[in-house]
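**Student:** next come a sequence and a model predicted from it.
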Amino acid sequence: MTSGNATGFAIIMLLTGIGIPILAALNGGLGVRLGAPLAASMILFGLAFLIATAGALATGSIGQIRFTSDIPFQFYFGGLFVAFYVIAVTFIAPRFGVGNAIFFVLVGQLISAATIDHFGLFGAMRSAIDVKRVAGIALMVAGVYLARRTA
């Protein structure tokens, strides 16, 4: 990975991070207005499916869609986690607060990401958890907590 790639990747992931609370607020609001968080989640996934399909068609990658025993079964389960996230945040964010909901999502992401990297799970690059990394994660959690704390 070149530093140019790293900068571009960082910007894209920053924008993705910016979008997650927006998704929570918009879909949570839609769920409240519809009176049905699951219906709001279906609308979100329907639109996402259409956008992903258009992208796959535009890039010619739609032909790569396949379910085969050559690919370990767990790699197909990402959709379960996305569905769980969207449904949970759509239901909980309007009742718990977008910031509070995302705080716990971020803490969970930090723990999960560190574990995946430490063990190299699912083919991820290995990056051992050491004292500096634990301290950095703790500082991130403390920072997010302080940013969310109300007087």
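**Tutor:** Received it, and whenever you're ready, just let me know what you need. Numbers count the residues shown, from 1 in each chain.
**Student:** hey, which helix is longest across the protein?
**Tutor:** What stands out as the longest helix in the chain, according to DSSP state H, is helix 3-34.
**Student:** and the lowest-mean-pLDDT helix or strand in the chain, how far from the chain's centre?
**Tutor:** Between all helices and strands in the chain, the lowest mean by mean pLDDT, DSSP states H and E belongs to helix 131-148, at a mean of 86. Helix 131-148 has its C-alpha centroid displaced from the chain centroid by 19 Å (CA atoms, centre = their mean, to the nearest Å).
**Student:** so where's this structure shaky on pLDDT?
**Tutor:** 1-4, 150-151 (pLDDT under 70).
**Student:** domains of it?
**Tutor:** When the chain is parsed into structural domains using automatic domain parsing, the resulting residue ranges are 1-96, 97-151.
**Student:** now the ones you listed as a markdown table including mean neighbour count?
**Tutor:** Backbone N, C-alpha and C define where each C-beta goes, glycine included. Rendered in a markdown table, the data for those read as follows (neighbours: other CB atoms under 10 Å):
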| stretch | mean neighbour count |
| --- | --- |
| domain 1-96 | 13 |
| domain 97-151 | 13 |
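**Student:** for the least confident helix or strand of the chain, packing partners?
**Tutor:** Here helix 131-148 is seen to pack against helix 98-119 when contacts are counted using 3 or more CB pairs under 8 Å, 6 or more residues apart in numbering; DSSP states H and E.
**Student:** tilt between the helix it packs on and helix 131-148?
**Tutor:** Helix 98-119 runs at 170 degrees relative to helix 131-148, counting by axes from the mean of the first three to the mean of the last three CA atoms, to 10 degrees.
**Student:** any idea of the angle helix 98-119 forms with helix 3-34?
**Tutor:** Computed by the same axes, to 10 degrees, the angle between helix 98-119 and helix 3-34 is 140 degrees.
**Student:** roughly how far is helix 98-119 from the heart of the chain?
**Tutor:** On the basis of CA atoms, centre = their mean, the separation between the geometric centre of helix 98-119 and that of its chain is 9 Å.
**Student:** number the residues from 662 up from this point.
**Tutor:** Renumbered: residue one is now 662, and that last one reads helix 759-780.
**Student:** ok, and what's touching it?
**Tutor:** Applying CB atoms under 8 Å, 6 or more residues apart in numbering, the set of residues contacting helix 759-780 from outside is 681-682, 685-686, 689, 746, 750, 753-754, 782-783, 785-790, 794, 798, 801-802, 805-806, 809.
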